[in-house]
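Student: Would you be able to build a 3D model of this:
(one chain, ligands or ions: 1)
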Amino acid sequence: MALEHKLLVVNLDEELAEKVTQSAMNQVFIHDSAVTFIWTTALYRMKWRYGERSYRYIHLDAGHVGQNLYLADKAVDAGVCAIGAFDDDALNSLLGLDGHEHFVVYLATVGKL
Ligand SMILES: Cc1cc2nc3c(=O)[nH]c(=O)nc-3n(C[C@H](O)[C@H](O)[C@H](O)COP(=O)(O)O)c2cc1C
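Tutor: Numbering: from 1, shown residues only. Predicted coordinates:
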């Protein structure tokens, strides 16, 4: 919840890690990771200002955020793997997102060997 600067519980399903893994082409390291970040966009927050160009900026933003995670993980001696291979409909539905105004853009796992 951006305006309140709070985290929001979205899904407490005990099999969530398994379902996210299945939604991302069954890449098993997702299930085994310490944490998996799933970045979503609320399109209107970009679109009211940038119109059609929002689609470009949303993905540029996601790339910057992802790169920052790659940099930050080095400080705690962990590893990151960005994930672009996922089923949009499956993952959006898992998170209760409509896939048009609010949708998943990018994922990344973090873990230690
Ligand atoms: C946009 C993007 C999408 C990626 N998607 C996947 C993915 O779905 N599965 C995966 O195993 N790695 C994925 N990667 C990670 C790359 O395979 C690779 O591990 C990473 O870019 C680091 O490369 P390096 O180890 O050669 O430096 C993705 C990387 C990027 C930048």
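
Student: for the residue nearest to residue 107 when sequence neighbours are not counted, what are its contacts?
Tutor: In space, and not counting its chain neighbours, residue 107 is closest to residue 83: 3.9 Å by CB to CB, 6 or more residues apart in numbering. Every residue, glycine included, has its C-beta placed from N, CA and C. For residue 83, the contacting residues are 24, 27, 30, 106, 107, 108, 109, by CB atoms under 8 Å, 6 or more residues apart in numbering.

Student: redo that, cut-off 7 Å
Tutor: By CB atoms under 7 Å, 6 or more residues apart in numbering, the contact list for residue 83 reads 24, 27, 107, 108, 109.

Student: For the third one, which residues count as its bridge partners?
Tutor: Partner residues in beta bridges with residue 107: residue 38, residue 83, with DSSP bridges as the criterion.

Student: surely it meets residue 36?
Tutor: Yes - using CB atoms under 7 Å, residue 107 makes contact with residue 36 at a distance of 6.2 Å.

Student: thinking residue 69 is in contact with residue 107, fair?
Tutor: No - look at residue 69 against residue 107 with CB under 7 Å: they stay out of range, at 10.6 Å.

Student: the more surrounded of these two?
Tutor: Neighbour count, other CB atoms under 10 Å: between residue 69 and residue 107, residue 107 has more, with 23 against 18.

Student: Neighbours of residue 13, how many?
Tutor: 11.

Student: Apologies, that question was intended for residue 45.
Tutor: 12.

Student: residues making contact with the helix or strand that contains it?
Tutor: Per DSSP states H and E, residue 45 falls inside helix 44-50. The contact list for helix 44-50 (CB under 7 Å, 6+ apart) reads 54, 57, 58, 101.

Student: and for residue 69 and residue 107, which residues touch both?
Tutor: In contact with both residue 69 and residue 107: residue 37, using CB under 7 Å, 6+ apart.

Student: what's near enough to touch the residue sitting nearest the centre point of the chain?
Tutor: The centroid of the chain falls nearest to residue 38 when counting by CA atoms, centre = their mean (1.8 Å). Applying CB under 7 Å, 6+ apart to residue 38 gives the contacts 95, 104, 107.
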